[in-house]
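J.: Let me see the structure of the following:
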Amino acid sequence: MILFVYRFFKRLNQKNKRRVIALIAMFCITFTSLAYNVQLSHAAGLSSAYNKINDSRPSITNTTYVTGWTFPGTTAIKCMQIKYTTTAGGSTKPTGMTTTSASKVAISGGGLTNGNWTLDNGTDGTLKYTYATGEATTTSAITITTYGITNPSSAGVIYAQINTYTNTDCSTGSVDTATVAFAITTGQALSVTVEPSLSFAIAGVAQSQTVNGATTTVATVTDANTIPLGNVNPTTNAIAAHDLTVSTNATNGYTIYASYSGTLTFGSNTIADLSYANGSPDSFPAAGTSAFGYTTDDTDLSRFQSNKWSKFETWGYPVAYQSGKVADETDRIGYQVGVSSTQEAGTYTTTVILVAVPTY
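T.: Numbering: from 1, shown residues only. The predicted model follows:
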């Protein structure tokens, strides 16, 4: 075959010889190039690689980094190295980043056993997970969770260079590699304003119901805007009540204040108020005494407990109180009137005023 080629080449003129030589040279270059490309593709890259941070703000300490990828093959490896750099192909650690206090949380997937692998954090900016015996990977996803990293001190893109090795020196016996980018961000300051809220409902109470130890005598009060104490005589006092229900998101709760427009009056005649102030209520006089007042069953106002009553005044005083935000808290306020045998006949009136005041 070689002799044939030689004789063929010898018969060619000088011009054709140069053409043949050029073709042979081109063939050699092409063949060499193909051989080179095959050699480069020998080491497969890690696919589906990423680096996730639980808090991406600059200089945050004790951050958790989750690094993941998928192995391309079943190679026994002894080192998995994650190196953090300022550029994709560089070696400079991001300013302010600290990994020497990092600790392993877990290694999951990839065919590897979590307990076999140890973290070497001795080189700042580089995490080296090693296993001296080595362990064969599987073509599946792996996640490595590391805690205790301090983020770089400035916002921007940084890179994680991921490499696997067949040696624990984490520099020789390179197997697979991948480089991923992720961002350090200042975070987005979010604010929201919750509107203050208050719901205040007044409902009538039926007859024969208790209010702080007393019993209502008036038929059901169906109108929240009236207190129909009805007919009263010297032998029996009249008692009515309202339920006061409050909902509010006020941090310091609320207070309901009670007052009136003035003494119970009919023409020039009046029914006397109790003499006990809100701060020192006392028992209501027995039937046969002209008197008018109120009570409350709110246990936060313990001075009213055990059927104690107070006089109305034109300035409001507490009849219900709560120190924090509430939903549908109900307290009961009672009204009582008594008359003497000499009280002038007639219809006496006044206006009771209940004010709910939340404190934010």
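J.: can you give me the strands for the stretch 101-250 of the chain?
T.: 103-109, 118-120, 126-136, 141-149, 156-165, 174-184, 198-204, 210-211, 214-215, 238-248 (DSSP state E, counting those that start in this stretch).
J.: Just the buried residues of the second one, please?
T.: If I follow you right, that is strand 118-120. Using 16 or more other C-beta atoms under 10 Å as the test for burial, strand 118-120 gives Leu119. Glycine gets a C-beta too; all of them are placed from N, C-alpha and C.
J.: That one pairs with which strands, parallel or anti?
T.: Paired neighbours of strand 118-120 in the sheet (DSSP bridges): strand 126-136 (antiparallel).
J.: on that earlier part again, single out the most deeply packed of the strands of the stretch 101-250 of the chain.
T.: With neighbours defined as mean count of other C-beta atoms under 10 Å, those peak in mean count at strand 238-248, which reaches a mean of 22.
J.: Quick one: list the elements packing against it.
T.: strand 198-204, strand 254-260, strand 317-322, strand 326-338, strand 352-358 (3 or more C-beta pairs under 8 Å, 6 or more residues apart in numbering; DSSP states H and E).
J.: rerun that using 10 Å as the cut-off
T.: Where contact means 3 or more C-beta pairs under 10 Å, 6 or more residues apart in numbering; DSSP states H and E, strand 238-248 is packed against strand 198-204, strand 210-211, strand 214-215, strand 254-260, strand 291-296, strand 317-322, strand 326-338, strand 352-358.
J.: Pipe those into a markdown table and attach distance to Ala155 and mean pLDDT per row.
T.: Below are the helices and strands packed on strand 238-248 laid out as a markdown table (distance: least, C-beta to C-beta, whole Å; pLDDT from 0 to 100):
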| stretch | distance to Ala155 | mean pLDDT |
| --- | --- | --- |
| strand 198-204 | 43 | 95 |
| strand 210-211 | 64 | 97 |
| strand 214-215 | 69 | 97 |
| strand 254-260 | 45 | 98 |
| strand 291-296 | 59 | 98 |
| strand 317-322 | 46 | 97 |
| strand 326-338 | 43 | 97 |
| strand 352-358 | 42 | 97 |
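J.: Switch the strands of the stretch 101-250 of the chain over to TSV; also include distance to Lys311.
T.: Converted to TSV, these look like this (distance: least, C-beta to C-beta, whole Å):
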stretch	distance to Lys311
strand 103-109	69
strand 118-120	77
strand 126-136	77
strand 141-149	67
strand 156-165	72
strand 174-184	68
strand 198-204	21
strand 210-211	17
strand 214-215	16
strand 238-248	16
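J.: Would you mind saying which of the ones you listed lies nearest Asn278?
T.: Nearest to Asn278 among the strands of the stretch 101-250 of the chain is strand 238-248 (15.8 Å), distances taken as C-beta to C-beta.
J.: what separates that closest one from the chain centre, distance-wise?
T.: With C-alpha atoms, centre = their mean, to the nearest Å as the basis, strand 238-248 stands 37 Å off its chain's centre.
J.: partner strands of it, parallel or antiparallel?
T.: If you go by DSSP bridges, strand 238-248 pairs up with strand 198-204 (antiparallel), strand 326-338 (antiparallel).
J.: With distance to Ala272 as added columns, please give those in TSV.
T.: What follows is the strands paired with strand 238-248, written out as TSV (distance: least, C-beta to C-beta, whole Å):
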stretch	distance to Ala272
strand 198-204	26
strand 326-338	10
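J.: quick revisit: for Gly73, which of the strands of the stretch 101-250 of the chain is the nearest?
T.: strand 174-184 (7.8 Å).
J.: Touching, Gly187 and Asn151? I think so.
T.: No. At 11.2 Å, Gly187 does not count as touching Asn151 under the criterion of C-beta atoms under 10 Å.
J.: the more surrounded of the two?
T.: With neighbours defined as other C-beta atoms under 10 Å, Gly187 and Asn151 compare such that Asn151 has more, 24 against 11.
J.: wait, the more buried one sits on Thr61?
T.: Yes. Between Asn151 and Thr61 there is a contact under C-beta under 10 Å: 7.9 Å.
J.: any shared contact partners between those two?
T.: Both Asn151 and Thr61 are contacted by Asp55, Thr98, under the criterion C-beta atoms under 10 Å, 6 or more residues apart in numbering.
J.: Give me the next element, helix or strand, following the helix or strand bottoming out on mean pLDDT in the chain.
T.: One helix or strand of the chain scores below all others by mean pLDDT, DSSP states H and E: helix 14-40, with a mean of 40. Using DSSP states H and E, the helix or strand that directly follows helix 14-40 along the chain is strand 47-53.
J.: what about the helix or strand that that following strand is followed by, distance to the chain center?
T.: From strand 47-53 onward toward the C-terminus, using DSSP H and E, the following helix or strand is strand 63-70. Relative to its chain's centre, strand 63-70 lies at 24 Å (C-alpha atoms, centre = their mean).
J.: buried residues in strand 63-70?
T.: Under the neighbour-count criterion of 16+ other C-beta under 10 Å, strand 63-70 has Thr63, Tyr65, Val66, Thr67, Gly68, Trp69, Thr70 buried.
J.: where does the protein have low pLDDT?
T.: 1-44 (pLDDT under 70).
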